[in-house]
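Visitor: Sequence isn't available, so here's the structure alone:
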DNA sequence: CAAGAATCCTGCCAGC
DNA sequence: TGCTGGCAGGATTCTT
């Protein structure tokens, strides 16, 4: 489940291993994986072959690879739920869920997009003012140097809904998914069902800061494994088993107070929280009369 | 216009 | 043993 840290590890891998190399061929093995690309597989091939990726950029969970010659276009990569980018030897057997292959003229390692659940995909997009047009609505993420913390606090508090929903709203703050949302709420001792407008500015700031810290920590660990395992540019940060305090810990003791972590249904998925450190809101927002 | 629900997708696993 | 239903969830699309 790639969120910002995992996607950033992938970005670094692509930036290091797949840029400034002339593209020889593009094989789309599964059309659904390029469904967002205008013109489909043929258009992707036409845009990429003979060109090269200049670098790898990221905003939130989106990656894009600007082209060297077709300078106002980029290949956008979204990993979805299960997407991976692998740098593999051209001789390596196809992965079971290999969707797209990019070969280079130098015949060195090829770039492969592997995706079991096919929520992710690749597509060509126009870059406008430095950002692909389809991700212009995605807010800056907390690791972006131009991230505006105060403006984000205001945007969060303006929303009339539960704080966890807002954390997952990529148009307000990007990069956070279900796992890091639960982790930052646990760290800041906020129940995700609290209404965002009812939280003080400083409390919202604390949630943002904890989200930033937890994602930085995950990235630090993922980045380490990336250096030695560059072949596996796969978004596995190795962070999960060791360091999560809330997510996936149903019934296990809270590391702060010992109360058993509780799991609840939320937005068609699961939320994990400490029932003592993250008390339920006293008053539920009353429905409009 | 905004909030929230429905939707897509496949492997895995618990339960029968 | 083999089937079935539930579960995992990011982001778009649809509905209210």
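Guide: Yep, it's here. None of the values given here were measured: they were computed from a predicted structure. Numbers count the residues shown, from 1 in each chain, chains lettered A, B, ... in the order given.

Visitor: where in the stretch 51-200 of chain A is pLDDT low?
Guide: For the stretch 51-200 of chain A, no stretch has pLDDT under 70.

Visitor: DNA strand C contacts on the stretch 1-150 of chain A?
Guide: Within reach of DNA strand C by C-beta under 7 Å from any atom of the strand, the stretch 1-150 of chain A has these residues: A:1-3, A:60-62, A:78, A:80-81, A:117, A:119, A:134-135. C-beta here means a position set from N, CA and C on the backbone, and glycine is covered the same way.

Visitor: and these near DNA strand B, which?
Guide: A:81, A:117, A:119.

Visitor: Pick out the most distant pair among the residues of the stretch 1-150 of chain A next to DNA strand C.
Guide: Greatest spatial distance in these: A:1 and A:134, 21.8 Å, computed using C-beta to C-beta.

Visitor: can you map out the helices along the stretch 51-200 of chain A?
Guide: A:149-158, A:163-167, A:178-187 (DSSP state H, counting those that start in this stretch).

Visitor: How about the helix or strand following the last one and DNA strand B, any contact?
Guide: Meaning helix A:178-187. Later in the chain than helix A:178-187, the nearest helix or strand by DSSP states H and E is helix A:201-228. No. Under the criterion of C-beta under 7 Å from any atom of the strand, DNA strand B is not reached by helix A:201-228; the shortest gap measures 14.7 Å.

Visitor: what residues does stretch A:98-112 touch?
Guide: Under the criterion C-beta atoms under 8 Å, 6 or more residues apart in numbering, residues A:14, A:17-18, A:21-30, A:32-34, A:48, A:85-90, A:95, A:113-115, A:118, A:121-122, A:231 lie in contact with stretch A:98-112.

Visitor: Can you flag which of those residues belong to strands?
Guide: Using DSSP state E, the subset of the contacts of stretch A:98-112 located in strands is A:23-28, A:85-88, A:113-115, A:121-122.

Visitor: OK, contacts around the residue of the stretch 151-289 of chain A found nearest DNA strand C?
Guide: Closest residue of the stretch 151-289 of chain A to DNA strand C, C-beta to the nearest atom of the strand: residue A:177 (3.0 Å). By C-beta under 8 Å, 6+ apart, the contact set of residue A:177 is A:1, A:2, A:3, A:61, A:168.

Visitor: Give me the buried subset of the ones next to DNA strand B among the residues of the stretch 1-150 of chain A next to DNA strand C.
Guide: Of the members of those, none is counted as buried by neighbours, 16 or more other C-beta atoms under 10 Å.

Visitor: what's the closest of these to residue A:207?
Guide: For these, the nearest to residue A:207 is residue A:81 (24.4 Å; C-beta to C-beta).

Visitor: Isn't that closest one up against residue A:97?
Guide: No. Residue A:81 is beyond contact range of residue A:97, at 11.9 Å (criterion: C-beta atoms under 8 Å).

Visitor: who in the stretch 51-200 of chain A is up against DNA strand B?
Guide: A:81, A:96, A:97, A:116, A:117, A:118, A:119, A:159, A:160, A:161, A:162, A:165.

Visitor: among those residues, who's most crowded?
Guide: Counting neighbours by other C-beta atoms under 10 Å, the top entry in those is residue A:162, with 20 neighbours.

Visitor: residues in contact with the closest residue to it other than its chain neighbours?
Guide: Closest residue to residue A:162 apart from its sequence neighbours, by C-beta to C-beta, 6 or more residues apart in numbering: residue A:193 at 5.0 Å. The neighbours of residue A:193, taking C-beta under 8 Å, 6+ apart as the test, are A:162, A:163, A:164, A:266, A:280, A:281.

Visitor: What is the most widely separated pair among the residues of the stretch 51-200 of chain A next to DNA strand B?
Guide: Between any two of these (C-beta to C-beta), the greatest distance is 44.5 Å, for A:96 and A:160.

Visitor: how many other residues sit next to residue A:132?
Guide: Residues within reach of residue A:132, counting by other C-beta under 10 Å, total 23.

Visitor: Tell me the bridge partners for it.
Guide: For residue A:132, the beta-bridge partners under DSSP bridges are residue A:127.

Visitor: I'd say it and residue A:77 touch.
Guide: No. At 10.4 Å, residue A:132 and residue A:77 do not qualify as touching, with contact defined as C-beta under 8 Å.

Visitor: intersection of neighbour lists for those two?
Guide: In contact with both residue A:132 and residue A:77: A:62, A:64, using C-beta under 8 Å, 6+ apart.

Visitor: quick revisit: pull out the buried members of the contacts of residue A:177.
Guide: A:2, A:3, A:61, A:168.
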